[in-house]
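K.L.:
below are the sequence and a predicted model for it; my questions follow.
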Amino acid sequence: MTVSTFAELGLAEQLLRALKDAQYDKPTPIQQRAIPLLLDGMDLFGIAQTGTGKTAAFTLPLLQNLDEDGIKAAPRSARALILAPTRELALQISDSIKSYGRYLRMRQAVIMGGVSQRPQIEALRRGVDILVATPGRLLDLVNQRHVDLRHCEYLIIDEADRMLDMGFIRDVRKIVAQLPDERQTLLFSATMPAEVTKLAGDILFEPERVEIAAKTVAVEAIEQHVHHLAKTAKRDHLAKLLEAPELSRVIVFTRTKRGADQVVKRLTRDGIGAEAMHGNKSQNARQRALENFRNGRSRVLVATDIAARGIDVDDVTHVINFELPHEPECYIHRIGRTARAGAAGVAISFCDASERPQLRSIERLIKRSLSVVGQGPMESEALVVEKHAGAKKDKGAAGRLESGAGKRRRRPRRPRRFDRRAA
Ligand code: AMP
């Protein structure tokens, strides 16, 4: 069945109105597939990354289900919980809830580390319909009995693979153990490491699987270049590239926080407006850096991968990989920050001799070679690697994904909304 409008997906009038305000004409593929399933109370394993419209895919049916349930949240409790790995993503989800839920009466709170917990406790006191949280702080507040999740009937775990990278999976499991067995559970992940598949198998009940291949999201629309150069030449090279005015809104990715700070220092010295965004900065400093970037006050945002998750800024003209990531999937996340919403975008990667294996992994994953700008890899260097003449055939991202979301069940079957309504 091909669906071309939000109304055909069965969304309520208040949501359709909010979508009209947001000027969304048409549901994205993940929205088309996920929304009807979720309105029906199914569990879902979504394999999709940022940029696919996944936030609306889970927020819209959640708002509708909560509204239809017509229950009032008890004090210090939440009716729905959305877990996100980073503060930025949590805030972005919260903004989406505000936007899509503007014609519904929903109370929400955001719980995250790095800021005072007092206002968060205050926000929870009367109870909330939707709680958006990062795992560590939420667990603290649960342990201090500021929030009770025993009646929380909806659970959404976003970016589960990033939770894993950041060491949050144990906290996530502890949180899930607080929730009732009868609930609707959704888990989203851009990639599927074994531990994420295991988590899905343990917490989802007969999930529907919706997979949106990464390559259809970002990679094809983006011009991708690689500049081979020595590690020590990278900062000068970056400053030189930024002399071109067409690089007007640029995200530079570094692998480390220290690296990010050094790049900012160098660019600032050259009079280029740049700010760093990484986990060592306070929440306020990160929000400020993002805001300055969004409103054009700073031209360059220098970020580490973790801090960059959840950055949603339109019209990013260029993504520059100052260092290549260790995981090739990360490359896709990074470059997906440009060319959002169908706009053109350019991704430039710096590659020193030690990074060539990473470059090859990336090219295998995206099934194409990046176009080489300037000199190719220097033959004189000790670490000579064959030139990346055409990416080899590989199963690629989609092919690597394991199948089956885990058939083992522990939880009793949760009645679908359909059954519950009929009952
Ligand atoms: P996400 O994948 O949830 O991070 O969403 C990526 C971006 O797409 C966000 O800026 C959304 O506001 C936007 N978006 C989501 N769904 C739609 C849609 N159906 N039409 C247009 N834009 C959308």
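P.N.:
That came in fine, so what should we check first? A quick note: this is a predicted structure, and the numbers were derived from the prediction, not measured. Numbers count the residues shown, from 1 in each chain.
K.L.:
which segments of the protein make up each domain?
P.N.:
Segmentation of the chain into domains, based on automatic domain parsing, reads 7-212, 216-374.
K.L.:
format the ones you listed as CSV; extra columns: mean neighbour count, distance to the ligand and mean pLDDT.
P.N.:
(Each C-beta comes from the backbone N, C-alpha and C, glycine too.) Shown next, in CSV, are these (neighbours: other Cβ atoms under 10 Å; distance: least, Cβ to the nearest ligand atom, whole Å; pLDDT from 0 to 100):
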stretch, mean neighbour count, distance to the ligand, mean pLDDT
domain 7-212, 20, 3, 95
domain 216-374, 19, 5, 88
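K.L.:
pull the contacting residues for I169.
P.N.:
163, 195, 199 (Cβ atoms under 8 Å, 6 or more residues apart in numbering).
K.L.:
on contacts alone, who are the packing partners of the helix or strand containing the last one?
P.N.:
Using DSSP states H and E, L199 sits within helix 194-203. The criterion is 3 or more Cβ pairs under 8 Å, 6 or more residues apart in numbering; DSSP states H and E, and the helices and strands that helix 194-203 contacts are strand 154-157, helix 160-165, helix 169-178, strand 184-189.
K.L.:
which element follows that helix toward the C-terminus?
P.N.:
Counting by DSSP H and E, the element after helix 194-203 in chain order, helix or strand, is strand 208-211.
K.L.:
okay, that next one in PDB with CA atoms only?
P.N.:
Output of strand 208-211 as PDB, limited to C-alpha atoms (Å, rounded to 0.1, in the frame of the first residue of the first chain):
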ATOM      1  CA  GLU A 208       7.600  -5.200  13.500                       C
ATOM      2  CA  ARG A 209      10.800  -4.400  11.900                       C
ATOM      3  CA  VAL A 210      11.100  -1.200   9.800                       C
ATOM      4  CA  GLU A 211      14.400  -0.600   8.100                       C
END
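K.L.:
now do the lengthiest helix in the chain against strand 184-189, angle only.
P.N.:
As assigned by DSSP state H, the longest helix anywhere in the chain is helix 54-69. Here the directions of helix 54-69 and strand 184-189 differ by 170 degrees (axes from the mean of the first three to the mean of the last three Cα atoms, to 10 degrees).
K.L.:
could you give the angle of the helix holding L199 to strand 184-189?
P.N.:
When the same axes, to 10 degrees is applied, the directions of helix 194-203 and strand 184-189 differ by 170 degrees.
K.L.:
how far out from the middle of the chain is helix 194-203?
P.N.:
18 Å (Cα atoms, centre = their mean, to the nearest Å).
K.L.:
cool, stretch 24-43 as well?
P.N.:
Taking Cα atoms, centre = their mean, one finds the center of stretch 24-43 at 18 Å from the center of the full chain.
K.L.:
and it, end to end?
P.N.:
25 Å (Cα to Cα, to the nearest Å).
K.L.:
turn the helices and strands packed on helix 194-203 into JSON lines, including distance to R79.
P.N.:
Below are those laid out as JSON lines (distance: least, Cβ to Cβ, whole Å):
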{"stretch": "strand 154-157", "distance to R79": "7"}
{"stretch": "helix 160-165", "distance to R79": "22"}
{"stretch": "helix 169-178", "distance to R79": "14"}
{"stretch": "strand 184-189", "distance to R79": "11"}
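K.L.:
for the ones you listed, which one sits closest to R356?
P.N.:
helix 160-165 (23.3 Å; Cβ to Cβ).
K.L.:
which helices and strands sit right next to that closest one?
P.N.:
If you count contacts as 3+ Cβ pairs under 8 Å, 6+ apart, helix 160-165 packs onto helix 169-178, strand 184-189, helix 194-203.
K.L.:
which residues does it contact?
P.N.:
Residues outside helix 160-165 that contact it (Cβ under 8 Å, 6+ apart): 83, 85-86, 135, 157, 169, 172, 187-193, 195-196, 199-200, 306, 309, 329.
K.L.:
again with stretch 58-69
P.N.:
By Cβ under 8 Å, 6+ apart, the list of residues contacting stretch 58-69 reads 6, 11-12, 14-15, 19, 31, 34-35, 38-39, 41, 44, 46, 79-80, 82, 93, 96-97, 100-101, 104, 106, 129-130, 153-154, 156, 158, 184, 186, 188, 417.
K.L.:
now, which of these lie within helices?
P.N.:
Cross-referencing the contacts of stretch 58-69 against helices under DSSP H gives 14-15, 19, 31, 34-35, 38-39, 93, 96-97, 100, 417.
K.L.:
out of those, which is nearest to A221?
P.N.:
Q31 (19.1 Å).
K.L.:
now for the closest one: which residues touch it?
P.N.:
Contact analysis of Q31 by Cβ under 8 Å, 6+ apart lists 6, 9, 53, 56-57, 60.
K.L.:
which stretches in the chain count as strands?
P.N.:
Remark: strands assigned in the chain by DSSP state E are 44-47, 78-83, 108-111, 128-133, 154-157, 184-189, 208-211, 222-228, 250-253, 274-277, 300-303, 318-321, 345-351, 371-373.
K.L.:
quick one: strands adjacent to the fifth one?
P.N.:
Looking at strand 154-157 with DSSP bridges, its partner strands are strand 78-83 (parallel), strand 184-189 (parallel).
K.L.:
now what about it, what contacts it?
P.N.:
With contact meaning Cβ under 8 Å, 6+ apart, strand 154-157 is reached by 58, 62, 65-66, 79-83, 163, 172, 176, 179, 183-188, 199, 203.
K.L.:
could I have that strand exported to CSV, CA atoms only?
P.N.:
C-alpha atoms of strand 154-157 as CSV (Å, rounded to 0.1, in the frame of the first residue of the first chain):
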residue,chain,number,x,y,z
TYR,A,154,5.0,3.5,26.4
LEU,A,155,8.8,3.2,26.0
ILE,A,156,10.9,4.5,23.2
ILE,A,157,14.6,4.0,23.0
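K.L.:
starting at the chain centroid, how far to that strand?
P.N.:
15 Å.
K.L.:
isn't T52 up against R33?
P.N.:
No: under the criterion of Cβ atoms under 8 Å, T52 is not in contact with R33, lying 10.7 Å apart.
K.L.:
now tabulate the ones in helices among the contacts of stretch 58-69 in a markdown table and tack on distance to D140.
P.N.:
Formatted as a markdown table, those follow (distance: Cβ to Cβ, whole Å):
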| residue | distance to D140 |
| --- | --- |
| Q14 | 35 |
| L15 | 33 |
| L19 | 36 |
| Q31 | 34 |
| A34 | 31 |
| I35 | 34 |
| L38 | 30 |
| L39 | 34 |
| I93 | 20 |
| S96 | 25 |
| I97 | 23 |
| Y100 | 29 |
| R417 | 33 |
